[in-house]
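> Below are the sequence and a predicted model; questions follow.
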Amino acid sequence: MSIIKTLQNKSFIPTVFRLGFTMQTAKRSLHRMGVLSAGALAATAMMSAQAAPITESAVTGYANAMKSAANSQNIGQVATLVSDDALISLSRKGKTTSLDKDAYLKLLQRSWSQTQNYRYDISISNIVISGDQAKADVKTVETWTRDGQNVSFVTSSRVTLAAGAGNAVLLRAVSQVTIN
């Protein structure tokens, strides 16, 4: 596909063209540029469209927001903290199951509806940031009462968080679950 046809897709038009030029002016400018210059412009536009780098404060913001959302049992807020492409792998006693975002949210809602006095705590350590993603060790402790019994659910995970709007969002989790 030619660069001109690619640029006719308005979602691809670099911000500089949207702000300073009409489409016709952009086309005339590209015709005057060499192929190398047009390619460099397209590469710059693609790089600027990539997600912003993630920060350690976004990772800690994720933990604080998840703690608040879980303790208030706000499934909508939890949903904003989990990527649509999330994959969560849970292992307990040698058995592993994988959940996508929808299955994870349903499991969480079902658990909340069957318990009382639900509390959630989260701690994050060993944060390693690389571009728009961060990997970290996460420990969560969930406690509740079910059928008159106090239950403690401890999860140790290695997670991947991606840069999101405002905070980080959960992209991947590989978790080991212990129930006390």
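Thanks, I have it. Computed from a predicted model, the values in this text were never measured in an experiment.

> From the chain's centroid, how far away is the helix or strand hosting Arg110?
Element membership of Arg110 [criterion: DSSP states H and E] is helix 101-113. Here the centre of mass of C-alpha atoms in helix 101-113, compared against the chain's by C-alpha atoms, centre = their mean, to the nearest Å, lies 18 Å away.

> which other helices and strands contact that helix?
With contacts defined as 3 or more C-beta pairs under 8 Å, 6 or more residues apart in numbering; DSSP states H and E, the packing partners of helix 101-113 are helix 75-80, strand 82-92. To be clear about C-beta, it is placed using only N, CA and C from the backbone, and glycine gets the same treatment.

> Export those to a markdown table and append columns for mean pLDDT.
What follows is the helices and strands packed on helix 101-113, written out as a markdown table (pLDDT from 0 to 100):
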| stretch | mean pLDDT |
| --- | --- |
| helix 75-80 | 97 |
| strand 82-92 | 96 |
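
> These: which one's closest to Gln149?
Nearest to Gln149 among these is strand 82-92; the distance by C-beta to C-beta comes to 17.9 Å.

> Give me the contacts around that closest one.
The list of residues contacting strand 82-92 from outside it, by C-beta atoms under 8 Å, 6 or more residues apart in numbering, reads 96-101, 104-105, 155, 162, 164, 169-179.

> what residue ranges in the protein are flagged as low confidence?
1-51 (pLDDT under 70).

> 80 instead?
Low-confidence regions of the chain, defined by pLDDT under 80, span residues 1-52, 165-166.

> which residues in it form strands?
When assigned using DSSP state E, the strands of the chain occupy the ranges 82-92, 95-100, 116-130, 133-146, 149-163, 168-179.

> Give me the buried positions along the helix holding Arg110.
Neighbour-count burial for helix 101-113, counted by 16 or more other C-beta atoms under 10 Å, picks out Lys101, Tyr104, Leu105, Leu108.
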